[in-house]
Structure formats: structure tokens, C-alpha cells
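Colleague: Sharing a sequence plus its predicted fold:
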Amino acid sequence: MMAELSRALFNASYQGSHPRTDPRRLIKDREIGRIAEEFGISRNEAEIAALEAEIAPARYVRNMAALDCKDQIRLLKSRAAIIGLGGLGGYVAQTLARSGVGSLVLVDGDVFEQTNLNRQAFSTIRTLGENKAEAALEKIRKMNPSVNLEWEGVFLDKDNAGPILKGADVIMDCLGGLDNRVLLQQAARDMEIPLISAALAGFTGHVTVVFPGDQGLFPLIGREDDSSGEGVETDLGCPCPPVMLAASIQCSEAVKVLTRKGQALQNKLLAFDLLDNTFQVFDLS
């Protein structure tokens with residue numbers, strides 16, 4: 001079957017028209033869908049098979065100058081758990097989906113409210129009152145139908161953390177405030193899964209990467225969950241630009257961790273302040 005699949009993919013592909021940016025053969029999204037259906041495989045599997053044959057799905061061709069076929073295959077075979085689908089989580093989910101991370105687990109027990117409209121990617125007049133994770137699933141499915149999607153309309157707790165996070169290659173901490181951040185980091189440590197965490201307050205924010213065995217944010221926030229809810233986010237506000245920036249940095253770190261390229265922010269805290277345009281990296285080791 002593999003030989004037939006490779007032949008079908010080649011016959012459906014075409015030569016890229018811009019040799020500098022797309023030197024290899026390309027295949028359109030609709031052909032991926034058709035071939036997946038014909039061979040009884042998922043679209044994700046069809047894209048992986050194409051890349052293994054050095055045929056790039058056209059949707060990823062602008063990744064190709066920075067990521068090669070093996071890198072894109074690693075992303076397609078990866079599973080990311082996104083905890084929180086509000087401000088950070090919405091932009092993280094859509095960015096990872098567009099980047100080609102093959103499986104996303106969307107987790108949030110909250111619903112969209114009017115106050116989310118200023119910054120949350122999937123918050124619209126039509127989604128008000130809807131569960132954030134379920135709304136994200138519907139939107140992402142339209143962005144990239146090759147991504148395997150699961151959603152859990154619950155808040156993370158000690159009882160469900162294990163089953164929800166099981167099998168993840170990376171965990172995206174997109175929680176607001178301090179609630180459950182310690183629980184999430186401890187669960188990631190216990191399950192030996194890298195955690196990429198971000199937090200915001202006003203026009204400031206920070207991002208860090210916590211690998212199993214690292215102290216991570218424990219020295220900063222302690223080892224007991226805080227019950228302050230949104231806390232400083234409420235006091236200083238949460239405008240959209242820093243949310244999008246922090247989410248973008250989180251996704252950049254996720255791509256680096258999953259493809260093993262570049263230097264991740266392990267034991268480092270990247271902090272930014274958009275009011276005075278400062279970016280600093282602090283050592284957490």
C-alpha cells in the first residue's frame with residue numbers, strides 16, 4: 001500500500017513555482033483530503049506520507065525555509081495539550097494548528113463572556129456563552145482539518161490532570177492568574193512532559209520553558225496553588241497586544257522543543273514590557 005500511496009501523492013503533486021522558497025514538489029490541501037479518503041487514512045497520515053516522499057503540503061511551504069521535511073514530520077507527529085483557551089490559549093491553539101502540530105488537546109471549563117471580546121481569539125458575538133474549548137475546536141477544524149483535535153470542557157484539577165495530559169509531547173500553560181499553575185507544573189514534572197508557561201499583566205508578560213527536573217516557576221510562585229484568581233491581571237488590565245506577543249513566543253518555544261531546533265528558554269524567563277519596549281532574559285537556574 002505504501003508504494004501505491006507514494007505514487008498517488010506524486011501524481012497529485014506539482015512542481016513549486018518559486019524555486020527559492022518551494023524547490024520541492026507540492027501538493028494541495030484538497031488532494032491530501034482526496035487521497036486520505038481513497039486510502040482510508042487520516043489527513044494527518046497523508047501529510048506525513050507526502051513529506052516522507054519529499055512532497056510538501058502547500059499549506060506548510062512557507063515553513064520550509066526554516067523547517068525541513070523531517071522537522072515538519074516531527075510537528076505532525078506531535079501532541080500538544082493546551083490548558084486554558086482564553087487569551088493566550090486561543091492564539092496558541094490557532095498558531096500551533098497553522099504550524100502543523102498534528103494533535104491538539106483543548107482544555108477549558110469556562111465560557112466566553114463580553115469581557116473576553118477585547119483579546120481572545122475565538123471570542124465573538126456568536127460564541128458568547130459557549131464553552132471556550134468547544135468553540136476553539138470548531139474554529140481550528142476549519143483552519144487545518146489535518147490536525148487531530150480533542151476537547152475537554154473542564155477545569156484542570158488533581159483528579160483529571162493525569163488522563164488529560166497523558167501522551168502529550170508538550171504542555172502549553174495558558175492559564176490566567178495563578179490558579180492551578182502549581183498543580184499543572186507539578187503534573188508536568190510527574191509525567192516528565194516539557195511545559196511552556198506564559199503570564200501577563202497590563203503591557204508586561206513573561207514566558208519560560210520548564211523541562212522535567214527543572215525548578216521552573218516554583219521559586220517565584222511557591223508550591224501551593226494561589227486562590228487569587230486573575231489577581232494582577234485584573235489590577236493592571238489585559239490588553240490584546242501583549243497577549244498575542246506572549247502566545248507567539250510560547251508557540252515559537254513549542255516548535256523549538258518539538259523539532260529540537262534552536263535554544264529553548266529552559267531555566268530562563270523572558271520578560272517584556274511593551275510600554276518601554278524592553279525585553280530581558282533572567283536566569284532561573
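Modeller: Cool, got the structure. Residues are numbered from 1 along each chain as shown.

Colleague: My guess is residue 204 contacts residue 242. True?
Modeller: Yes - if you go by CB atoms under 8 Å, residue 204 and residue 242 touch, sitting 6.8 Å apart. Bear in mind the C-beta positions are built from the backbone N, C-alpha and C, glycine included.

Colleague: Mind checking which of these two has more residues around it?
Modeller: residue 242 (23 against 18; other CB atoms under 10 Å).

Colleague: Quick check: neighbours shared by residue 204 and residue 242?
Modeller: 272, 274 (CB atoms under 8 Å, 6 or more residues apart in numbering).

Colleague: Need the nearest residue in space to residue 258, chain neighbours excluded.
Modeller: Residue nearest to residue 258 in three dimensions, not counting chain neighbours: residue 78, with 4.7 Å by CB to CB, 6 or more residues apart in numbering.

Colleague: quick one: the one you found and residue 102 touch, right?
Modeller: Yes - checked against CB under 8 Å, the pair residue 78 and residue 102 is within contact range at 5.8 Å.

Colleague: Show me which of the two is the more surrounded one.
Modeller: More neighbours surround residue 102 than the other of residue 78 and residue 102, with 27 against 21 (other CB under 10 Å).

Colleague: mind listing what that one touches?
Modeller: Per CB under 8 Å, 6+ apart, neighbours of residue 102: 44, 48, 75, 76, 77, 78, 79, 146, 147, 148.

Colleague: What residues does the closest residue to it other than its chain neighbours make contact with?
Modeller: Spatial nearest neighbour of residue 102, excluding adjacent residues (CB to CB, 6+ apart): residue 76 at 4.0 Å. Neighbour list for residue 76: 44, 47, 48, 51, 100, 101, 102, 146 [criterion: CB under 8 Å, 6+ apart].

Colleague: Roughly how far does residue 76 sit from residue 199?
Modeller: 29 Å (CB to CB, to the nearest Å).

Colleague: try residue 125
Modeller: Residue 125 is 28 Å from residue 199, by CB to CB.

Colleague: okay, the two: which has more neighbours?
Modeller: It is residue 199, of residue 125 and residue 199, that has more neighbours when counted by other CB under 10 Å, with 26 against 8.

Colleague: how about the residue nearest to the more buried one when sequence neighbours are not counted, phi and psi?
Modeller: Leaving aside its chain neighbours, residue 199 sits nearest to residue 206 (5.8 Å; criterion: CB to CB, 6+ apart). Main-chain dihedrals, residue 206, degrees, to the nearest 10: phi -150, psi 160.

Colleague: Is it correct that residue 206 is in contact with residue 279?
Modeller: No - judged on CB under 8 Å, residue 206 makes no contact with residue 279 at a distance of 10.3 Å.

Colleague: show me what contacts residue 117?
Modeller: 123, 124, 125.

Colleague: distance of residue 102 from residue 74?
Modeller: 9 Å.

Colleague: Tell me which entries of the contacts of residue 76 lie within helices.
Modeller: Under the assignment DSSP state H, those contribute 44, 47, 48, 51 to helices.

Colleague: In these, which residue is surrounded by the most others?
Modeller: residue 47 (29 neighbours).

Colleague: Could you measure from that one over to residue 192?
Modeller: For residue 47, the distance to residue 192 - CB to CB - is 28 Å.
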